[in-house]
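Asker: just the structure for this:
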Amino acid sequence: MEMDSTLLLTAETLYLDPGVIRGLPVNGVFCLKRVASQTYLSVNAAQARVLDEFKHPITVPQVLENCIRDRTCIALREFYELVLQAHEAGILRSEELGSEGPPVAIRLPKRWFVSLGPRGVVALAFFAAVATASIFTITPAVNLRRPIEYFYGWLAICGSLSFGQALAACALRGAGCEVHNPRFKWTTLVPHFAIDARDACMGDRFGQAAVAGISVLPLSLSAAVGLWLNAGWGMLPLAALFVACRPIGDTPISHLLQLFRRMPLVATDTPRLFVGRFHLNDRARLAWKCFDWHLALFQLVIAVAWALAIVRVADCLAGQDFIAAFKETNVAYWEKVGRYAVVAMAVASGLGLVSMTQYHIVDAVALNWSRIRTEARRWMAKRKVKQSDWDTAALIRRNPVLRRLDNETQSKLVARLRILRVRPWQTIIDFDDKSTFVGLIVSGRAVVYRRGITGRKSRFLKFSEGDFFGGHKQIDPEKNCLEVRTATPLVAFVMTLEDFEQLVVAKLGTAALWDQMSKQVFLRRSTLCSEWRSASVARFSEMAVLSKKCAAGAVVRYGQPVRSLYVLYEGRAKALRDGKQVGKIRQGEFFGEISLLQTSAATADVEASEDGRFLTVDRLDFIKFIARNYHVALQMERLCSKRLGHPLFPLDQRTFDER
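Answerer: You can find the predicted model right below:
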């Protein structure tokens, strides 16, 4: 499933199905229906604009680029979930694979000759509900005394449900919707006529309320008549009415309450297809978005009323006043029970909190355990790693630099590599040493230091398994002097500098080696690319261009367009606003990404504090890159939102255009 989603979100060409129709809006939310398969998708106006981008065949990354450029991009997780759900519903179809989406519906909509106006139906249902509640309040319930009364009650339920479904079909036609799959359910406990009323979502607020309310109207009236006549058979329709109007589950009451939401829910509010990792703040934000305190208050009131109604029925059937019985109970007993109830509620709340965060806790433990095991292997590798031609050849084939060599050159390397073991916290290469060898780390970590123009030593790179050390003077354009110092016990295969130049540099070139041995190593440890996959880092490294800035030189100016993403490779920089320093930019940190993603101007001046070098990526290349790597796009959105203090997408009045 993850592979299929990755292919769909990166490579497949999609287009909007021509057989999609749009329903009537309800507070800015409406349904899209694919007529051929009778599938539905609820969206808002912003999501509909995204789907309109697929009117002509286009890939998902191209649509994301267009949305970012036009400043109409929605939240990225919502964007990807929308595409996947629309594809599953057949609203978006794949051109390459010839996907037809869900199967074509066999049963077409049926003609229904009678229609009822939604507003009249809503008024009728309201008065019927008031009448039923009044009769229920003033008329006590009675027990079923004879077997024939059970039969009469069963018939009343079957007839009421059938009549309610028929009236719902009339309300559907009155709301301009279609009636699907009318049939008679014979195999249920209460056989009755039924229809598929899903098409009600295509109507307006009154249409949906009419369909939901009128479906239980006959059942309500049957229960009211039974109570009014003081007949025992009326208890069965009353019980069925309690089940149909329960405050939880997929019931007409739930459908009616959803119509009173300040912001109706859309399909992407219940993510189920996109497999991107959910962070805890993402889950909390989504839960808060779905919460509506008006609706919660209504649900609470209805739940209390429903529970009191059941208590009243039980009161009447038992022939006693339950409220008086509660008043006469020993107070000390209820105080003891209350203490137990408080403890139980606290335990339940704790379990609920753990259940909400268990996946994040498991992920954190697994990640830390993996790091602990990796570090332990590094400290034990001195005694375990052994050199053999087979292991050395396998290591070369796995290395992203050496595997690009031909087989003959790899065989020569196997014969010339020698093993090197170094204790922790030892200097392998000093600033003033003329290194005579190049090493490939098999196990362990090392830290590389560089010396600035003032002579101060600063940390530059971190090396780990698979990285080279000792050959940077031959491939770095600046020819910087470096110091390499081990951070753990280190095991490496080393070759002479002459062998390195003859077998590796001459074959691959200094540009490719500098990209692999320096740029990619630096980016993998930077705050920008630390969570990226290796392939994404390699592609980003290919796009990044090295540029040099002198001290006090302007990198970005306030109010001016930002044309590139900047990553500080060497040196230091500072952010200024109105001539005052508002932030420091250190090695490995980046800036300019918010302006690029929001198509806005720079919000501060950025100047180099000392001579330094920057890795820059052009704006168009950066947008295309994140559009084709959704893991990177989600991380960039999260980082930018954290810096801004509010969600990056969708754009609002807090952003501004380039001037």
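Asker: how about Ser609, what does it touch?
Answerer: When contacts are counted by Cβ atoms under 8 Å, 6 or more residues apart in numbering, Ser609 is found next to Ala551, Gly571, Arg572, Ala573, Lys574. Every C-beta, even on glycine, is put in place using the N, C-alpha and C of the backbone.
Asker: show me the beta-bridge partners of the fourth one.
Answerer: This means Ala573. Using DSSP bridges, the bridge partners assigned to Ala573 are Ile585, Ala608.
Asker: burial check on it, number of neighbours?
Answerer: Ala573: 24 surrounding residues under other Cβ atoms under 10 Å.
Asker: that one touches Asp611, doesn't it?
Answerer: No: taking Cβ atoms under 8 Å as the definition, Ala573 is not a contact partner of Asp611, at 11.0 Å.
Asker: what's the overlap in contacts for the two?
Answerer: By Cβ under 8 Å, 6+ apart, Ala573 and Asp611 have these common neighbours: Lys549.
Asker: coming back round to it: could you single out the nearest of the contacts of Ser609 to Lys584?
Answerer: Lys574 (5.6 Å; Cβ to Cβ).
Asker: okay, now Ala415: neighbour count?
Answerer: Ala415: 9 surrounding residues under other Cβ under 10 Å.
Asker: what does Phe625 give?
Answerer: Residues near Phe625, counting by other Cβ under 10 Å, number 21.
Asker: report the contact partners of it.
Answerer: Arg539, Phe540, Met543, Val617, Val632.
Asker: need the contact list for the third one.
Answerer: This means Met543. Val617, Asp618, Asp621, Phe622, Phe625 are the contacts of Met543 under Cβ under 8 Å, 6+ apart.
Asker: helices - which of those residues land there?
Answerer: In this view, the contacts of Met543 that belong to helices under DSSP state H are Asp621, Phe622, Phe625.
Asker: what about the second one, distance to Met636?
Answerer: Counting by Cβ to Cβ, to the nearest Å, the separation of Phe622 from Met636 is 9 Å.
Asker: do the same with the first one
Answerer: From Asp621 over to Met636 the distance is 14 Å, taken as Cβ to Cβ.
Asker: do the last one as well
Answerer: Using Cβ to Cβ, we find Phe625 at a distance of 10 Å from Met636.
Asker: got it, and Cys177?
Answerer: Counting by Cβ to Cβ, the separation of Cys177 from Met636 is 42 Å.
Asker: repeat that for Thr436.
Answerer: As judged by Cβ to Cβ, Thr436 and Met636 stand 43 Å apart.
Asker: looking at the two, which is more packed in?
Answerer: Met636 (23 against 11).
Asker: touching, the more buried one and Leu597? I think so.
Answerer: Yes: contact criterion Cβ under 8 Å: Met636 and Leu597 qualify, at 7.0 Å.
Asker: neighbours around Asp17, how many?
Answerer: Around Asp17 there are 21 other residues, counting by other Cβ under 10 Å.
Asker: how near is Val83 to Arg404?
Answerer: Using Cβ to Cβ, Val83 is found at 36 Å from Arg404.
Asker: what do Phe622 and Met636 both touch?
Answerer: Contacts common to Phe622 and Met636, judged by Cβ under 8 Å, 6+ apart, are Glu593.
Asker: what values do phi and psi take at the residue lying farthest from the centre of the chain?
Answerer: Farthest-out residue of the chain from its mean C-alpha position, per Cα atoms, centre = their mean: Arg146, at 58.1 Å. Backbone torsions of Arg146, given as degrees, to the nearest 10, read phi -120, psi 150.
Asker: need the per-residue pLDDT for it.
Answerer: Arg146 carries a pLDDT value of 84.
Asker: same check on Arg371?
Answerer: 68.
Asker: now swap in Ile302 and tell me
Answerer: Looking at Ile302, its pLDDT is 83.
Asker: test my guess that it contacts Pro247.
Answerer: Yes: counting by Cβ under 8 Å, Pro247 is a contact partner of Ile302 at 5.1 Å.
Asker: which residues do those two both contact?
Answerer: Counting by Cβ under 8 Å, 6+ apart, the contacts common to Ile302 and Pro247 are Ile253.
Asker: low-confidence ranges in the stretch 451-600 of the chain?
Answerer: Within the stretch 451-600 of the chain, the stretches with pLDDT under 70 are 453-454, 477-480, 551-552.
Asker: that one: helices as residue ranges?
Answerer: Secondary structure of the stretch 451-600 of the chain (DSSP state H, counting those that start in this stretch): helices at 472-475, 497-499, 506-508, 510-514, 520-525, 534-543, 593-598.
Asker: which residues sit against the second one?
Answerer: This points to helix 497-499. Surrounding helix 497-499, the residues in contact under the criterion Cβ under 8 Å, 6+ apart are Leu413, Arg416, Ser435, Thr436, Phe437, Val438, Gly470, Gly471, Gln474.
Asker: give me the most central residue, the chain.
Answerer: In the chain, the residue lying closest to the centroid (Cα atoms, centre = their mean) is Arg77, at 4.1 Å.
Asker: quick one: list the elements packing against the helix or strand containing that one.
Answerer: In this assignment (DSSP states H and E), Arg77 forms part of helix 76-88. With contacts taken as 3 or more Cβ pairs under 8 Å, 6 or more residues apart in numbering; DSSP states H and E, helix 76-88 sits against helix 2-10, strand 39-44, helix 45-52, helix 60-69, strand 92-94, helix 630-644.
Asker: what is the orientation angle of the longest one with helix 534-543?
Answerer: Taking axes from the mean of the first three to the mean of the last three Cα atoms, to 10 degrees, one finds that helix 630-644 is oriented at 70 degrees with respect to helix 534-543.
Asker: and helix 630-644, what's buried?
Answerer: Residues Tyr630, Val632, Ala633, Leu634, Gln635, Met636, Glu637, Arg638, Leu639, Cys640, Ser641 are the ones in helix 630-644 that count as buried (16 or more other Cβ atoms under 10 Å).
Asker: got the contact list for the last one?
Answerer: Right, the one you point to is Ser641. Neighbouring residues of Ser641 by Cβ under 8 Å, 6+ apart: Pro647, Leu648.
Asker: roughly how far apart are it and Val606?
Answerer: Distance of Ser641 to Val606, given as Cβ to Cβ: 21 Å.
Asker: which residues touch stretch 399-408?
Answerer: 396-397, 410, 413, 440, 466, 468, 503-504, 507-508, 512-513, 516-517, 534, 538.
Asker: buried set for stretch 125-142?
Answerer: Quick answer for stretch 125-142 (16+ other Cβ under 10 Å): Ala125, Ala128, Ala129, Thr132, Ile135, Phe136, Thr139, Ala141, Val142.
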